[in-house]
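Student: Provide a 3D model corresponding to the input given below.
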Amino acid sequence: MTIKLNCDLGESFGAWTMGLDAAVMPHIDQANIACGFHAGDPLVMQRTLALAKENNVTVGAHPGYQDLVGFGRRSMNCQPAEIVALMHYQIAALDGMARTQGLELTYVKPHGALYNDMMARDDVRAAVMQSIAEYHRPIALMLQATPQGDQHRAEAKDTGIEVLFEAFADRCYDDDGKLLARSKPGAVHDREKMLAQVEQLCSEGTVTTVSGNTLKIDADTLCVHGDNEAGVRAIEAIRGVIEA
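Tutor: Below is the predicted model:
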């Protein structure tokens, strides 16, 4: 299977720097760019888009809850209409900035707690899908590849949107298809296990769960992280496995 690499970028804000975007961008296919609610600001958004254009990387919006202090990792009790509005606000901002640079925004990947809520709650996922469906032009929604993928694909079809499914290179999977909680031992793979999981995903379309079971993962893209130099080296190694 052919699988792309996506990375959350543009998450600096003002004088605060997050991630090594310039080092990461040459090695990925899709850049999930923060839209100002959980991270990012207009100048950071503009610079990240320019960096993506320079490296021929596809751009997507990375909207989250309005929570700069918590980096969008705290769930908020939003009504469906609020979710639709906050999604439209952030997507439109990045979309407009992208168009001024001759770029086309092609997908949306919610961030942090909004992403987790979307995967765990039918009402949140329905609101997120509604926001994508009601946008003024077609864009795809990126969400986690799980054993419920057929259900999520059917929901998307009923809503009239396209979905992209993502897997994770460095995270261990629980037997139910969810990511193993970071509080549990072995939740984050070391380099050797990470590369083995990438190879398994690419060659077999499966992962080995925490209990040793084989789990089918139908993924279009693989999430990687470039928060530090070790992360950048890991992305380079992952790219090597994919292209082998």
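Student: wait, Asp227 sits on Asp21?
Tutor: No: Asp227 is beyond contact range of Asp21, at 10.3 Å (criterion: Cβ atoms under 8 Å). To be clear about C-beta, it is placed using only N, CA and C from the backbone, and glycine gets the same treatment.
Student: Compare these two and say which one has the larger neighbour count.
Tutor: Per other Cβ atoms under 10 Å, whichever of Asp227 and Asp21 has more neighbours is Asp21, with 22 against 14.
Student: State the pLDDT value of that one.
Tutor: pLDDT for Asp21: 93.
Student: Return the residues in contact with it.
Tutor: Neighbour list for Asp21: Leu9, Gly10, Ser12, Thr48, Leu51, Gly226 [criterion: Cβ atoms under 8 Å, 6 or more residues apart in numbering].
Student: How far does stretch 124-141 sit from its chain's centre?
Tutor: 15 Å (Cα atoms, centre = their mean, to the nearest Å).
Student: For this structure, name the helix or strand with the lowest mean pLDDT.
Tutor: helix 229-243 (a mean of 90; mean pLDDT, DSSP states H and E).
Student: contact partners of that helix?
Tutor: Counting by Cβ under 8 Å, 6+ apart, 3, 5, 7, 20, 23-24, 27-28, 169-170, 191, 194-195, 198-199, 202, 222, 224-226 sit against helix 229-243.
Student: Inside strands: which ones of the residues you listed?
Tutor: Leu5, Cys7, Leu222, Val224 (DSSP state E).
Student: So the first one is in contact with Pro26, correct?
Tutor: If I follow you right, that is Leu5. No: counting by Cβ under 8 Å, Leu5 sits too far from Pro26 to count as a contact (11.1 Å).
Student: more neighbours, those two?
Tutor: Leu5 (21 against 15).
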